[in-house]
Structures are given as C-alpha cells and as structure tokens.
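J.: Sequence plus the predicted model coming up.
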Amino acid sequence: MSNDIFPQTTTELAAIRKKLAPDIHEAFTNFSARVFAEGALPVKMKQLIAVAVAHVTQCPYCIRGHTKAALRHGATSEEIMEAIWVAAEMRAGGAYAHSALALDTIEKAKGPPEAKS
C-alpha cells in the first residue's frame, strides 16, 4: 500500500486528460513547450525559476518535474537549493508585505483619536 498523499502520475492519467479535453490539452502542451524553449533566458534558468515557483505554489508534481528538468539542463544541486531559498524568501516576504493590510485594519478598528476618551 502506498503512503503517498498525491497519486503518482501515469501515462494512463495523461491519456485521460488528453481524451477529455484534446484541444485544450494540445494548446497547453504547445504553450508549455514554447515557454520552456531557449529564448532570452536559457532553459536552465527557466527551469530554476520553475523550481522556485513550484515551491511557492506547493505543487509536488511541478517540484519533481522541474527539479528533474533543471538537472537535465545542467543545474547543480546548489543552484536548485538556492532557487528554493529565493522562493522561501519571496513567500515570507509576501506575508511580511501583506501585514500592512492587518495593520491598516487594526488602525481603522481603533477609530479616530478623538473617539478614545
């Protein structure tokens, strides 16, 4: 019995997705191929970005797939870990930046200074 939280990806699952929405599947496949093709950014860098984003979106399939792709395109373990640390900082930074919303709400809940008497 498997202890995996997420089911393993299989060619059968891929075939079902393709069968249920073939046009969309083809469009997505073409889009993905174009996004990760060599361009202004080298493929290795694109895959390192994808590793970081996958950690922020917390997609286990993306983490595995893009980590493997990054390795195939020459990324080192150190580069991959550094990309993950960038993701961690950005996620933490987002929480820190959005604290302004909570602080603003707290201030508004206090009401105007003259109402405190």
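T.: Right, received. Where do you want to start?
J.: For the helix or strand where residue 34 lies, which outside residues touch it?
T.: Using DSSP states H and E, residue 34 sits within helix 22-35. Helix 22-35 has contacts (C-beta atoms under 8 Å, 6 or more residues apart in numbering) with 17, 18, 46. Bear in mind the C-beta positions are built from the backbone N, C-alpha and C, glycine included.
J.: and the last one, what does it touch?
T.: Contact criterion C-beta under 8 Å, 6+ apart gives 35, 36, 39 as the residues in contact with residue 46.
J.: Next, give phi and psi for it.
T.: For residue 46, the backbone dihedrals (degrees, to the nearest 10) come out as phi -60, psi -40.
J.: Just the element for residue 64, please.
T.: Using DSSP H and E, residue 64 sits in helix 60-72.
J.: and if you look at residue 50?
T.: Assessed by DSSP H and E, residue 50 sits inside helix 43-57.
J.: next one: residue 74
T.: With DSSP H and E as the test, residue 74 turns up in no helix or strand.
J.: can I assume it is in contact with residue 44?
T.: Yes: counting by C-beta atoms under 8 Å, residue 44 is a contact partner of residue 74 at 5.2 Å.
J.: more neighbours, those two?
T.: Neighbour tally, residue 74 and residue 44, criterion other C-beta atoms under 10 Å: the higher count belongs to residue 44, 18 against 11.
J.: pLDDT score for the closest residue to residue 18 other than its chain neighbours?
T.: The shortest distance from residue 18 to any residue that is not its chain neighbour, by C-beta to C-beta, 6 or more residues apart in numbering, is 4.4 Å, and that residue is residue 25. At residue 25, the model reports a pLDDT of 97.
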